[in-house]
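# Here is a sequence with its predicted model. Questions after.
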Amino acid sequence: MVLIGYIPVTKLKCFTKAHCSAQIQQLFHECMRELLKPLAEVGQDGIDMVCADGLVHMIFAILAAYIADYPEQCLIACCQENACPCYLIKPAD
């Protein structure tokens, strides 16, 4: 596993409460886009790498795993926490 970057953590107090959640989500997705841009280019175009056997091979890198807790999974999937994606039932019901 290789750490490729850090995502900023902020409260964004400069926005109203109604807009803060959307701005945090936008910040997260922009950061991920920038962090993964080099990986996406290598996945499309490939890159020559020396393998353990000493030979040079063209590889196409992919993101194989992403670890996240439940709130972050909801953020990545662009869905609301504790809400049913199929029905209009509130979590308290």
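Noted; the coordinates are in hand.

# For the rest of this, base every contact and every neighbour count on C-alpha atoms.
OK.

# mind listing what the residue nearest in space to the middle of the chain touches?
What sits nearest the mean C-alpha location of the chain, by C-alpha atoms, centre = their mean, is Met32, with 4.8 Å. Met32 makes contacts with Ile7, as judged by C-alpha atoms under 8 Å, 6 or more residues apart in numbering.

# Please renumber the chain so that the first residue is 568 from this point on.
Happy to do that; since the first residue is 568 now, the last one works out to Met599.

# Now it: which helix or strand?
In this structure, Met599 is located in helix 584-612 according to DSSP states H and E.

# Give me the buried positions along that helix.
Within helix 584-612, the residues that count as buried by 16 or more other C-alpha atoms under 10 Å are Ile591, Leu594, Phe595, His596, Cys598, Leu606, Ala607.

# With pLDDT added, can I get those in JSON lines?
Below are the buried residues of helix 584-612 laid out as JSON lines (pLDDT from 0 to 100):
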{"residue": "Ile591", "pLDDT": "80"}
{"residue": "Leu594", "pLDDT": "83"}
{"residue": "Phe595", "pLDDT": "84"}
{"residue": "His596", "pLDDT": "86"}
{"residue": "Cys598", "pLDDT": "87"}
{"residue": "Leu606", "pLDDT": "82"}
{"residue": "Ala607", "pLDDT": "83"}
